[in-house]
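Peer 1: Next input, structure requested:
(4 chains)
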Number of protein chains: 4
Amino acid sequence: MAKKTRARPSKRRTGKSGASAVLKAVIEDLVIGNRILYVQDVVDSYGHISARHPHDPQRFLMSRARAPGLVISADIMEFGLDGELVRADERPVYSERFIHSEVYKARPDVNAVVHSHSPTVVPFSVTQVPLRPIRAAFFYPEVPVFDTRAAAGWTNLLVSTPALGKALAQTLGQNSVALMRGHGNVVVAPTVRTVVYRAIYTEANAKLLLQAKMLGGPITYLAPEEAALMDKEQVRHRPGHGSDRTWEMWKQEALARTGKLR
Amino acid sequence: MAKKTRARPSKRRTGKSGASAVLKAVIEDLVIGNRILYVQDVVDSYGHISARHPHDPQRFLMSRARAPGLVISADIMEFGLDGELVRADERPVYSERFIHSEVYKARPDVNAVVHSHSPTVVPFSVTQVPLRPIRAAFFYPEVPVFDTRAAAGWTNLLVSTPALGKALAQTLGQNSVALMRGHGNVVVAPTVRTVVYRAIYTEANAKLLLQAKMLGGPITYLAPEEAALMDKEQVRHRPGHGSDRTWEMWKQEALARTGKLR
Amino acid sequence: MAKKTRARPSKRRTGKSGASAVLKAVIEDLVIGNRILYVQDVVDSYGHISARHPHDPQRFLMSRARAPGLVISADIMEFGLDGELVRADERPVYSERFIHSEVYKARPDVNAVVHSHSPTVVPFSVTQVPLRPIRAAFFYPEVPVFDTRAAAGWTNLLVSTPALGKALAQTLGQNSVALMRGHGNVVVAPTVRTVVYRAIYTEANAKLLLQAKMLGGPITYLAPEEAALMDKEQVRHRPGHGSDRTWEMWKQEALARTGKLR
Amino acid sequence: MAKKTRARPSKRRTGKSGASAVLKAVIEDLVIGNRILYVQDVVDSYGHISARHPHDPQRFLMSRARAPGLVISADIMEFGLDGELVRADERPVYSERFIHSEVYKARPDVNAVVHSHSPTVVPFSVTQVPLRPIRAAFFYPEVPVFDTRAAAGWTNLLVSTPALGKALAQTLGQNSVALMRGHGNVVVAPTVRTVVYRAIYTEANAKLLLQAKMLGGPITYLAPEEAALMDKEQVRHRPGHGSDRTWEMWKQEALARTGKLR
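Peer 2: Residues are numbered from 1 along each chain as shown, chains lettered A, B, ... in the order given. This next block holds a predicted model:
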């Protein structure tokens, strides 16, 4: 359908017709980000990534309910900050879209959100061992743990209401990562490329910390002072550096394995 | 051969000739399920998946003795609930088909069974550490351990008789998963897609639990109340949700890696 | 060169020209076995597999010195039981061919040998934890550990002389697997397909045992009585069962990933 | 562009035009080495490999700032031993090129350097457990740990100045590997093929040691006497042996997965 709409000239800015170059770029990054997170084993068939609408901070963009490894640009929908669809659409939506909507509400600095069950992070959500930074500078100030049980008693663990999303956003606070007990984690960043970077290195740091724990003895964590200097570097986005370098590689791998974007 | 039979018009419902659309759909899911379990590393060259016959609860469908990653639709055979072939066939059959036959006998609610040696589950079968749920809601009431040694003394560990199958089914009881000491596990569900889902997340949960154990200290398991709410959600089968979402992804991966279904 | 020789009619049984169907089959299995061991992560660029010559028990067949994942049938050479080349050949040979020659000398029941550095087995060679069977029935009577240091003092750890090969064969005794300290292991069997099977499940059992150790507490090993019954089953070679089933799968994977055999 | 330049006859030895066969061979190995390190999971999108210029020991060759898995021959640049570009070039350069420049200054025996974050090595950099040799002979005399904190206080951990590079080179001393706390490691060797070999087996040895630690109890390390004999063998470079055998395999895998070299 989206294709038909695009073919007909239209005055209204519906769907992707008439989309600005900036919006198109965000949507493309979002689709590639879905694929990267799948190919890099951060998400399996579950988990999702969203981006704040570049022209309207009260909206965000996210795929219809679908495995991230299969998402194409026609799957991207627009949502308002109460998690509602901006335009009527029959296609299924993620029941946990409130993770995204409430984080965008609470954090004007955030333009991209990933929710995943990335495998080595989950064990930290069900033990008393804090997920501390060995290499992931963006773990400061801390990586808090959200538990639906504390927020709402017995649930199916899904953040499927605005109230649960709000409670999660409160636990996240001004941090970049929050764990969700027995479930997964949420990662936030100023851009799609940075949130993908952070989601991948959240998993990587969890693996490093698990292994360091297995070796035993005291662990030298990244100092907050070091982390601050590193993070400044990582969000600078110089060509060939930081997430610009990783994006080129991850994108090639993702497209080679999962096919075309539309 | 199967192809030849199909080509000739036939009154008798032999093989897949004259198969109803429902039966064809179950067989297709079964073949795809074989491939998925292989590609997702739940089975290697051993292990098998079966489905109860959609038109006759006294029969079930399963491949001839073959590595699951190679199964095509012509490999699917029909068995009765004593593990006997419904039609004479020279091709080798799984010696452990009694796992399936006896579970179908004991559990009218079950329409699909997976037996696998999924790698991270086996260690739980030979230690005293119970396989408890971190994310796998269907582990409740419990994941019992079946031991051929307790049931029949010294054996080759294969469940290759109706008596051993019956003993295993008794250990399984009303649960969804039972471990088999030094061997593997059996997973059951109302549908092929759900049993594939459960087999994959049984392995995933075993990995999470092993890692949580390595981190040390107390572990917050899924509460039975939470699990009940989650499981209700997972068996609902809404388009784009639960095992519908995972199936689309896993199917694409499985076919890309293992080729055509017939 | 081998190709040229084959093209010219020749009375002498040099190379593969004039090779019997039996010999051709063994060579084909050997080449496929090389590829399988690589694709299944038992060998990396090192390690080797050999087969006793089907027509002359005083000879064995093995690739020239080359990474197993690249071996083609023209690479297969003939050696005598002192590790010497049967025919003059300029191509480099494995310096550890004496592992094979001395095992064939000492064990008339053995027709195939694998030497590998399979990754999870090595840790058992440098600790006091014996590699005991969780699923690998062929670990009985035991898995001894050979140490070049005990046999010959300071060496480069390579079994590169008949004397070291003989010492290793003595440590192996009547067992099917022996570890080599800080180096790897040797696995033996009556056929190429069985030795490939055993090499792969030696690694698999090491992984299971490592994980069971990590879970902690007592471990229920396979009893010798159970292992004897299992092993009888596994060496029976019925179509669709045992290593016949695994070979079909592994062969397909190996050829898909590593290309043609000649 | 490089192609155009090459087409025109030129007297000056600029870029790769007029490059000698020796230089071309080093550049080809360097490009393949980049790809191998990526495909063998030693580097992800970060990390780099360099080679001393074969005709001028005061220069070294390294890619522009780019993910190693994507490097082509046109990406290779020339640097002086203060880390400066030999020829003006607008393309971004690795900020950690001083790791390479200072090692080449301090170690005339070294002709190739790898810096990576190879995943299982990092945990050894943040714990008190020394990375000792189970199979990696080149770990002798020792594997020291460099910490930017000791050398320069709070930094972003990057070795992005000559002073930090010099401090790292001093910690490395006459060893072949040094760890960098919370960051990665540096590996050096007489040739590109050997440094790739060492970087890969540094990661492999870290995995073996981690697993041996998990098994518990005393560990038999490679003795210095054994290591000396092994290392002599490994740097000999006979056709079909040592890094010659591994290079053929790794190269084929790397090109199959990452494409053409230019």
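Peer 1: wait, A:L158 sits on A:F98?
Peer 2: No: if you go by Cβ atoms under 8 Å, A:L158 and A:F98 don't touch, sitting 9.3 Å apart. Quick note: C-beta positions are derived from backbone N, CA and C, even for glycine.
Peer 1: How about A:R52: what's its closest non-neighbour residue?
Peer 2: Nearest residue to A:R52, sequence neighbours excluded (Cβ to Cβ, 6 or more residues apart in numbering or on different chains): A:N111, at 4.3 Å.
Peer 1: That neighbour: neighbour count?
Peer 2: When neighbours are defined as other Cβ atoms under 10 Å in any protein chain shown, A:N111 has 22 of them.
Peer 1: how near is it to D:V122?
Peer 2: From A:N111 across to D:V122, the span is 30 Å (Cβ to Cβ, to the nearest Å).
Peer 1: just A:M230 next, same as before
Peer 2: 15 Å.
Peer 1: Repeat that for A:D75.
Peer 2: Using Cβ to Cβ, one gets 37 Å for the distance from A:D75 to D:V122.
Peer 1: Tell me the secondary structure at A:I49.
Peer 2: What DSSP: H, G, I helix; E, B strand; the rest coil gives for A:I49 is strand.
Peer 1: OK, contacts around it?
Peer 2: A:30, A:33-34, A:37, A:62, A:68, A:112-115, A:192, A:195-196, A:199 (Cβ atoms under 8 Å, 6 or more residues apart in numbering or on different chains).
Peer 1: hang on, the earlier thing: tell me who's in contact with the residue nearest to A:R52.
Peer 2: Neighbouring residues of A:N111 by Cβ under 8 Å, 6+ apart: A:51-52, A:189-192.
Peer 1: now with 6 Å?
Peer 2: By Cβ atoms under 6 Å, 6 or more residues apart in numbering or on different chains, A:N111 lies in contact with A:52, A:190-191.
Peer 1: Which of those has the largest number of neighbours?
Peer 2: Counting neighbours by other Cβ under 10 Å, the top entry in the contacts of A:N111 is A:R52, with 25 neighbours.
Peer 1: hang on, it packs against A:F60?
Peer 2: Yes: in terms of Cβ atoms under 6 Å, A:R52 counts as a neighbour of A:F60; the distance is 5.1 Å.
Peer 1: which neighbours do those two share?
Peer 2: Common contacts of A:R52 and A:F60 (Cβ under 6 Å, 6+ apart): A:Y104.
Peer 1: Tabulate the contacts of A:I49 (JSON lines), appending pLDDT, neighbour count and secondary structure.
Peer 2: Formatted as JSON lines, these follow (pLDDT from 0 to 100; neighbours: other Cβ atoms under 10 Å in any protein chain shown; DSSP: H, G, I helix; E, B strand; the rest coil):
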{"residue": "A:L30", "pLDDT": "98", "neighbour count": "23", "secondary structure": "helix"}
{"residue": "A:G33", "pLDDT": "98", "neighbour count": "29", "secondary structure": "helix"}
{"residue": "A:N34", "pLDDT": "98", "neighbour count": "31", "secondary structure": "helix"}
{"residue": "A:L37", "pLDDT": "98", "neighbour count": "28", "secondary structure": "helix"}
{"residue": "A:M62", "pLDDT": "98", "neighbour count": "24", "secondary structure": "strand"}
{"residue": "A:P68", "pLDDT": "98", "neighbour count": "28", "secondary structure": "helix"}
{"residue": "A:A112", "pLDDT": "98", "neighbour count": "29", "secondary structure": "strand"}
{"residue": "A:V113", "pLDDT": "98", "neighbour count": "27", "secondary structure": "strand"}
{"residue": "A:V114", "pLDDT": "98", "neighbour count": "31", "secondary structure": "strand"}
{"residue": "A:H115", "pLDDT": "98", "neighbour count": "26", "secondary structure": "strand"}
{"residue": "A:V192", "pLDDT": "98", "neighbour count": "30", "secondary structure": "helix"}
{"residue": "A:V195", "pLDDT": "97", "neighbour count": "27", "secondary structure": "helix"}
{"residue": "A:V196", "pLDDT": "98", "neighbour count": "30", "secondary structure": "helix"}
{"residue": "A:A199", "pLDDT": "98", "neighbour count": "31", "secondary structure": "helix"}
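Peer 1: With distance to D:L23 added, can I get the residues you listed in CSV?
Peer 2: Formatted as CSV, these follow (distance: Cβ to Cβ, whole Å):
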residue, distance to D:L23
A:L30, 44
A:G33, 41
A:N34, 43
A:L37, 41
A:M62, 51
A:P68, 45
A:A112, 45
A:V113, 49
A:V114, 45
A:H115, 50
A:V192, 41
A:V195, 43
A:V196, 38
A:A199, 42
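Peer 1: what's the nearest residue to A:L208 if we skip its chain neighbours?
Peer 2: Excluding the flanking residues, the one nearest A:L208 by Cβ to Cβ, 6+ apart is A:I134, at 4.6 Å.
Peer 1: Return the residues of chain A in contact with chain B.
Peer 2: Proximity of chain A to chain B, by Cβ under 6 Å from any Cβ of the partner chain, involves residues A:45, A:65, A:67, A:69-70, A:92, A:122-123, A:126-129, A:154, A:156, A:182, A:213-214.
Peer 1: What about these, which are in strands?
Peer 2: The members of the residues of chain A next to chain B all map outside strands under DSSP state E.
Peer 1: Give the buried subset of the residues you listed as a PyMOL selection command.
Peer 2: A single PyMOL command selects the buried members of these (16 or more other Cβ atoms under 10 Å in any protein chain shown):
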select buried, chain A and resi 45+65+67+69+70+122+123+126+127+129+156+182+213+214
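Peer 1: Please name the bridge partners of the residue nearest the centre of chain A.
Peer 2: Centroid-nearest residue in chain A: A:V114, 1.2 Å away (criterion: Cα atoms, centre = their mean). Beta bridges link A:V114 to A:I49, A:V187, judged by DSSP bridges.
Peer 1: so what's it up against?
Peer 2: Counted by Cβ under 6 Å, 6+ apart, A:V114 has contacts A:49, A:187, A:195, A:199.
Peer 1: and if you look at A:Y197?
Peer 2: Contact analysis of A:Y197 by Cβ under 6 Å, 6+ apart lists A:243, A:246.
Peer 1: Ramachandran angles for it?
Peer 2: Note on A:Y197: backbone dihedrals following degrees, to the nearest 10 are phi -60, psi -50.
Peer 1: Go ahead and name everything in contact with stretch A:225-243.
Peer 2: Residues outside stretch A:225-243 that contact it (Cβ under 6 Å, 6+ apart): A:137-138, A:140, A:193-194, A:197, A:244, D:65, D:92, D:154, D:156.
Peer 1: Dump those to JSON lines, plus pLDDT.
Peer 2: Formatted as JSON lines, these follow (pLDDT from 0 to 100):
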{"residue": "A:A137", "pLDDT": "96"}
{"residue": "A:F138", "pLDDT": "97"}
{"residue": "A:Y140", "pLDDT": "97"}
{"residue": "A:R193", "pLDDT": "96"}
{"residue": "A:T194", "pLDDT": "96"}
{"residue": "A:Y197", "pLDDT": "97"}
{"residue": "A:D244", "pLDDT": "90"}
{"residue": "D:A65", "pLDDT": "97"}
{"residue": "D:P92", "pLDDT": "97"}
{"residue": "D:W154", "pLDDT": "97"}
{"residue": "D:N156", "pLDDT": "96"}
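Peer 1: Filter those down to the ones in helices?
Peer 2: A:193-194, A:197, A:244 (DSSP state H).
Peer 1: can you put those residues in CSV and add distance to A:L172?
Peer 2: CSV is the format used below for the ones in helices among the contacts of stretch A:225-243 (distance: Cβ to Cβ, whole Å):
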residue, distance to A:L172
A:R193, 20
A:T194, 16
A:Y197, 18
A:D244, 26
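Peer 1: Could I have the buried ones of these as ChimeraX selection syntax?
Peer 2: Applying 16+ other Cβ under 10 Å to the ones in helices among the contacts of stretch A:225-243 leaves a buried subset, and the ChimeraX line that selects it is:
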select /A:193,194,197,244
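Peer 1: From the ones in helices among the contacts of stretch A:225-243, pick the one nearest C:V177.
Peer 2: Distance ranking of these against C:V177, using Cβ to Cβ, places A:Y197 first at 44.7 Å.
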